[in-house]
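[1] Structure, please.
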Amino acid sequence: MSEGKETTTAVGTVEEVLPNSLFRVRLSVPEEVSSESPEGEAAETSVKDTGEGELVLAYLAGKMRLHRIRVLVGDQVDMVLDPYGGRARIVRRLT
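    Residues are numbered from 1 along each chain as shown. The predicted structure is shown next:
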């Protein structure tokens, strides 16, 4: 069994395409919505690209390379962030 392996996911927008399937991706900053549930739980969060997020160097996941899914500038992507920082793996193209 694996203990304590948590993955952090994030959504971002591709800013620049680099050689060797590398991309410079700007992380989207989650924006809180003021709607509350009837039980009084915390407000929901939605993702909105304000252009103020951190830039991360990202690479394509193996399945995306295998199926030749193209990622272009301006696409929104779902990523798994490296726990040590600075890099991410693109696992899904959203738009």
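[2] Next, name the residue at the spatial heart of the chain.
    residue 11 (2.7 Å; Cα atoms, centre = their mean).
[3] Contact partners for that residue?
    27, 28, 47, 76, 77, 78, 79, 94 (Cβ atoms under 8 Å, 6 or more residues apart in numbering). All C-beta atoms are positioned from the backbone trio N, CA, C, and that covers glycine.
[4] And these, which is the shakiest by pLDDT?
    Among the contacts of residue 11, residue 47 carries the weakest pLDDT, at 54.
[5] still on that earlier bit, so what pLDDT did the residue nearest to the centre of the chain get?
    On pLDDT, residue 11 comes in at 95.
[6] The helix or strand where it lies: what's the following helix or strand?
    Here residue 11 sits within strand 8-18, counting by DSSP states H and E. Using DSSP H and E, the next helix or strand after strand 8-18 towards the C-terminus is strand 22-27.
[7] can I have that following strand written out in CSV, keeping just the CAs?
    Provided in CSV are the C-alpha atoms of strand 22-27 (Å, rounded to 0.1, in the frame of the first residue of the first chain):
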residue,chain,number,x,y,z
LEU,A,22,7.4,21.4,-23.0
PHE,A,23,5.0,24.2,-22.3
ARG,A,24,5.0,27.3,-20.2
VAL,A,25,1.6,27.4,-18.4
ARG,A,26,0.0,30.1,-16.3
LEU,A,27,-1.9,28.7,-13.4
